[in-house]
Every structure is written in C-alpha cells, then in structure tokens.
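Asker: With the sequence up front, the predicted model follows.
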Amino acid sequence: MIEEYKKATLDLLAPTIKWNNHCIMYKSEKEAIRESAILLCEIVKPKAILEVGFGEGYTAEVFRLYAPRHRIIEVHPQLAQKARDQGYDVVESSIQDYRDSRHYDLLYDDHYPFPGMPEPDYRKFNHTFRAFVFHDYPIPGRLEFPFVVNGKTHYQHLEVDKGKKGP
C-alpha cells in the first residue's frame, strides 16, 4: 500500500489531504498542533529533532524555531518536495527504511499508519533519543500526544475547536 501512496498525486490545496479514503492531514487542526509542538519544545528543549512525516508542516514551523538542527523524513515525494521548497532538511524515506547515526534529542513521529504498514522499530534509535513523541489516534474533538522524557511517559491533551476552520 505504501508504494501506491508514494505514486499518488495529492491535492495539497484541499481542506484535508486525502488518499484512497485515508485522511492524511486535517488543515483545521493547525492551531492545536502548533500549540502542542510549542509546549513539547518548551518541555524537552531539543537541540536536534528528527521528525517523521511533514503533512502541512505545522510542527516543522515550530521545530525550526526551537532546534538548531531539524531533519524531516517524508515518504511521499510531493510532500518531501514541499518541505524542501520551504527550506527544510528532508530525506525522502519511510521511518522503517531510514538510517542515521547522528544524535537527535527528539524523535517526533506523526506518520500516517497505513493498514498493513509495519510499525517502526524504534529500538534502532533508542541510544540516540532523549525524548520520543508519537501521535496517537485522537479522541474525537481532542488531540493526544504521548511523549517520553527520560524514560517517563507523559500525555498532552488539547481540545480541538471543531467550529474553527483554520487560522
């Protein structure tokens, strides 16, 4: 399925980035996502971030301000190019195939979990990250971001204003 997705053309101007009945990114979540990323950066204080999945770039905008080094892994060529066009350091790859020996303080994984896609094996990175964040499936009207700092799991919950259409 991931190979089909990589070959698909996405409508990046639509209110929701969709492919094959999968909602990849909702533009209406922008403010909640940005607030979450800001809070995360204030807690973790990262110097180097490895971000999995670019989407609309909402977290990337924040991470660029907080971390001197920020790399994005994006599997879809169109989204990877969008990130490059905005000046980001991007590697076109899936997290499953990505290899990097550099140190990162924060792994922020917000990739879309397609059915049948194997879960990433984060053990290959354990020795390099101080904090892990993965976007869990949200409760309707709420975003949940579990993250681990120094071995302790925290959960950040943000209510989403469903009436808001964007910034």
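Answerer: Looks like it came in fine.

Asker: CA atoms for contacts and neighbours, from now on please.
Answerer: Will do.

Asker: And the helix of greatest length in the chain, what's buried?
Answerer: In the chain, assigned by DSSP state H, the helix with the most residues is helix 30-44. Neighbour-count burial for helix 30-44, counted by 16 or more other CA atoms under 10 Å, picks out 30, 31, 32, 33, 34, 36, 37, 38, 40, 41, 44.

Asker: so how far is residue 78 from the fourth one?
Answerer: So that's residue 33. 21 Å (CA to CA, to the nearest Å).

Asker: circling back to that earlier point, does anything pack onto the longest helix of the chain? Which helices or strands?
Answerer: With contacts taken as 3 or more CA pairs under 8 Å, 6 or more residues apart in numbering; DSSP states H and E, helix 30-44 sits against helix 58-66, strand 142-149, strand 152-159.

Asker: Now do it and helix 58-66, the angle between them.
Answerer: Helix 30-44 runs at 40 degrees relative to helix 58-66, counting by axes from the mean of the first three to the mean of the last three CA atoms, to 10 degrees.

Asker: Quick check: next helix or strand after helix 30-44?
Answerer: Sequence order places strand 48-52 as the next helix or strand after helix 30-44, per DSSP states H and E.

Asker: wouldn't residue 45 be in contact with residue 66 here?
Answerer: Yes - counting by CA atoms under 8 Å, residue 66 is a contact partner of residue 45 at 7.5 Å.

Asker: Which one's more surrounded, those two?
Answerer: For residue 45 and residue 66, the more surrounded residue by other CA atoms under 10 Å is residue 66, and the numbers stand at 19 against 15.

Asker: tell me the phi and psi of residue 5?
Answerer: For residue 5, the backbone dihedrals (degrees, to the nearest 10) come out as phi -60, psi -40.

Asker: what's near enough to touch it?
Answerer: The neighbours of residue 5, taking CA atoms under 8 Å, 6 or more residues apart in numbering as the test, are 19, 76.

Asker: From residue 94, how far out is it?
Answerer: Residue 5 is 12 Å from residue 94, by CA to CA.

Asker: if we can go back for a sec, now the angle from the longest helix of the chain to strand 48-52?
Answerer: Orientation check (the same axes, to 10 degrees): helix 30-44 against strand 48-52 gives 140 degrees.
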